[in-house]
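A.B. asks: Provided below for reference: sequence and predicted model.
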Amino acid sequence: MSTLTSKARRAFLQKLLAGSAAAGLYMVYRHPVVAALSDTKDANATGQAAERDFAFVVDVSRCIGCGQCVKACSVENDVPDGQYRTWIERYVVTPDGVRVDSPEGGMNGFEKLDDETAAQALNSFFVPKLCNHCAEAPCIQVCPVGATYRSAEGFVLVDSEHCIGCSYCVQACPYGVRFINSEQRIADKCTWCYHRVSKGKLPACVTVCPTQARMFGDLNDPNSEVAKVRQADQWDVLKPEHHTESMCFYLSLPRVVV
Amino acid sequence: MNVSPRSHIYRLAALLVIAVVGFVAFRGFAIPSSWDFEHFFRADSLEELKLQPLQIGGNESCAGSDCHDQKRIAEKVAEHKEHFQALANGNHKGLACENCHGPLSAHVRDGKHHEAANINRDNTLCLGCHAQLISRPEKFPQFDNESTGHWYFDVEITRLCRDCHDPHEPRQISAKRARVTQTSKPAQKDDQTGSVR
C-alpha cells in the first residue's frame, strides 16, 4: 500500500465521518421527539381531537334502483369507466336460489327481469353498496406503507401520493369496495366525498338520491338522521362476522344480503 | 510508520458509525415531513384531498345563487323560482336539479355560464325511476295503464309523460294539456317510441 493512496483514503474516510456526523446531528434536530420538546404547539396540532364522527345510513326499503347515485359519484370523483366507488345490486330471491346483478354498477338503471325469473321471484330489492369506512378497517391494517388511514372524523382515505399500488388493500377489503384505478394505477375507493364534506356539503350520492335512501351525518350531533338511526338501534351492518366495525348502517336489510 | 495494533478495530467502528448514520439519514429523508407517527399516515394528505374540485352543486347552489338575477335573463329568474317552488313543495321534493339537468360543473365553470343545463323531454328520465320493476318498493309510483288517470285517458307507456305531468310537480296534472293530447293521440302514438325498460 503506497503512502499516497493510504493518505487519500484516510482523508476520504475522515470527510465521510464528518459528513455522517453532520447528517446525524440534523436528523436528531429533525426527530419528532426533539421537535415535540422544542415546539409543544405543533404537537397539539397533530394530536387529533375528534369533534365530528361521521356515519352513513342506507335504507334498502327506499332504494328504487335509479342509479343517480352511481352516476353522480362517477362525475364527482372522475371514476374511470367500468369502475365504481359505489354501486347498486339487485337481489332476486327465487326458490332456486338468489340472483344478484349490477349492470354497469346500476348506473343506468335496471332492465326489466325476464318473465321466467319475475314469475318465480319471491322477493326482490335493491341494495346500494359503498365503502363502509370501518372503524377497524382491514385495508388499513394491511397497507405496507401507511398510504391508507382513518381520519379523526371517521373517513377511511387513500393518500394517492404515498400509495404504491400493491393492491393488498383490494384483497383485504371484505366488501370489495376497493380497486386499482385503471388510470392512476393506485388504490381507489369511496371517500364519503371527503372534499365535499370538508366544505360543508353532503356526499354527491346523498345529494342526488331522490328517495333519501342514502343519509349521511355526524353521530355526535343528536339531531342528525344518522344519530337517530343509531339511537333507534334497528340497523344492520354488512358482514358483521368480520368485526370491521362498519360505519355504514343499513335499514331494512334482508338477511340474504352479503 | 507506527501503526496502532487496534487500528482495524477503529476502522470497523468508524464504518459502523457511517452505516448507522447513513441509515438514519436515509430513513429521515424517506419519511414525509408531516408524518403522523401515532396514526401512521401523512398528515398533509388530508389537506391535499380537500383540494379536489366539486362537480355536483346540490340544490342549494342553484337556489341560493344570484346567477339568474341579471336583468338580461329576468325570464329565467322567474322560471327558476317557479321550478324551485314546485320542487320544494311537490311530490318531487327529494329530487336534485342535477338528477335531470346534469352536474352543475357542466353548467357553470369559474363562476360563469359554461353550457346550457340538460333538458331532456322524452320519457327516458321519467322511466329511469318510474318504469315498473318488481324490485322497486311497492309504494313507489310506477307506470301502469290501470291507475285511474292513465286508464281514463288510455295512456300507453309510449306517450310523453310531460304531455300531462309537470316534471317539477308531477301531481299537477294539466287536464287541459291531457285533453289536447288525447285528441291528437293517434298521431302521437305513431311518433313516440318511448324507451321502455
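C.D. replies: Arrived safely.

A.B. asks: tell me the pLDDT of residue 12.
C.D. replies: You didn't pick a chain, so chain A it is. pLDDT, residue A:12: 90.

A.B. asks: wrong one, I was asking about chain B
C.D. replies: 96.

A.B. asks: how far away is it from chain A?
C.D. replies: Taking Cβ to the nearest Cβ, to the nearest Å as the measure, residue B:12 falls 12 Å from chain A. In this view, the C-beta of every residue, glycine as well, is placed from N, C-alpha and C.

A.B. asks: ok, the most centrally placed residue in chain B - contacts?
C.D. replies: The centroid of chain B falls nearest to residue B:56 when counting by Cα atoms, centre = their mean (4.5 Å). Neighbour list for residue B:56: A:72, A:75, A:76, A:196, A:204, A:207, A:208, B:96, B:98, B:103, B:104, B:105 [criterion: Cβ atoms under 8 Å, 6 or more residues apart in numbering or on different chains].

A.B. asks: from these, which is closest to residue B:21?
C.D. replies: Of all these, residue B:21 sits closest to residue A:196, with 46.2 Å by Cβ to Cβ.

A.B. asks: I figured that closest one hits residue B:54, correct?
C.D. replies: Yes. Counting by Cβ atoms under 8 Å, residue B:54 is a contact partner of residue A:196 at 6.1 Å.

A.B. asks: of the two, who's got more company?
C.D. replies: Legend: neighbour count by other Cβ atoms under 10 Å in any protein chain shown for residue A:196 and residue B:54, higher for residue A:196 (24 against 17).

A.B. asks: element containing that one, please.
C.D. replies: Counting by DSSP states H and E, the element that carries residue A:196 is helix A:194-197.

A.B. asks: return the list of helices and strands in contact with that helix.
C.D. replies: Helix A:194-197 sits against helix B:44-50, with contacts defined as 3 or more Cβ pairs under 8 Å, 6 or more residues apart in numbering or on different chains; DSSP states H and E.

A.B. asks: give the buried residues for the helix it packs on.
C.D. replies: B:44, B:45, B:46, B:49 (16 or more other Cβ atoms under 10 Å in any protein chain shown).

A.B. asks: tabulate these (TSV), appending distance to chain A and pLDDT.
C.D. replies: As requested, those are exported to TSV (distance: Cβ to the nearest Cβ, whole Å; pLDDT from 0 to 100):
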residue	distance to chain A	pLDDT
B:44	8	94
B:45	4	95
B:46	6	95
B:49	5	96
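
A.B. asks: now for the spatially closest residue to residue A:234 that is not a sequence neighbour: which residues touch it?
C.D. replies: Nearest residue to residue A:234 in three dimensions, chain neighbours excluded: residue A:251, at 6.8 Å (Cβ to Cβ, 6 or more residues apart in numbering or on different chains). For residue A:251, the contact set (Cβ under 8 Å, 6+ apart) comprises A:57, A:58, A:59, A:60, A:61, A:229, A:234, A:235, A:236.

A.B. asks: let's have the residues you listed in a markdown table, adding secondary structure and pLDDT.
C.D. replies: Output for the contacts of residue A:251, formatted as a markdown table (DSSP: H, G, I helix; E, B strand; the rest coil; pLDDT from 0 to 100):
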| residue | secondary structure | pLDDT |
| --- | --- | --- |
| A:57 | strand | 97 |
| A:58 | strand | 97 |
| A:59 | strand | 97 |
| A:60 | helix | 96 |
| A:61 | helix | 96 |
| A:229 | helix | 96 |
| A:234 | coil | 94 |
| A:235 | coil | 96 |
| A:236 | strand | 96 |
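
A.B. asks: ramachandran angles for residue A:243?
C.D. replies: Reported as degrees, to the nearest 10, the phi and psi values for residue A:243 are phi 50, psi 40.

A.B. asks: and the spatially closest residue to it that is not a sequence neighbour, what element?
C.D. replies: Leaving aside its chain neighbours, residue A:243 sits nearest to residue A:136 (6.5 Å; criterion: Cβ to Cβ, 6+ apart). Using DSSP H and E, residue A:136 is not contained in any helix or strand.

A.B. asks: residue A:136 and residue A:244 touch, don't they?
C.D. replies: Yes. At 5.5 Å, residue A:136 and residue A:244 qualify as touching, with contact defined as Cβ under 8 Å.

A.B. asks: who's more crowded, the two?
C.D. replies: For residue A:136 versus residue A:244, neighbours defined as other Cβ under 10 Å are more numerous around residue A:244 (21 against 12).

A.B. asks: tell me who's in contact with that one.
C.D. replies: A:132, A:134, A:135, A:136, A:137, A:138, A:174.

A.B. asks: need the contact list for residue 170.
C.D. replies: Reading this off chain A. A:178, A:179, A:180, A:187 are the contacts of residue A:170 under Cβ under 8 Å, 6+ apart.

A.B. asks: um, chain B though
C.D. replies: By Cβ under 8 Å, 6+ apart, the contact set of residue B:170 is B:90, B:91, B:92, B:161.

A.B. asks: what about it, distance to residue B:49?
C.D. replies: Using Cβ to Cβ, to the nearest Å, one gets 39 Å for the distance from residue B:170 to residue B:49.

A.B. asks: closest to chain B among the contacts of residue A:244?
C.D. replies: Distance to chain B, by Cβ to the nearest Cβ, is smallest for residue A:137 among the contacts of residue A:244, at 12.3 Å.

A.B. asks: find the nearest non-adjacent residue to that closest one, please.
C.D. replies: residue A:156 (5.2 Å).

A.B. asks: assess the claim that the one you found and residue A:135 are in contact.
C.D. replies: No. Shown here, residue A:156 and residue A:135 do not form a contact pair, counting by Cβ under 8 Å, at 9.1 Å.

A.B. asks: give me the more crowded residue out of those two.
C.D. replies: Shown here are residue A:156 and residue A:135; by other Cβ under 10 Å, residue A:156 has more neighbours (26 against 15).
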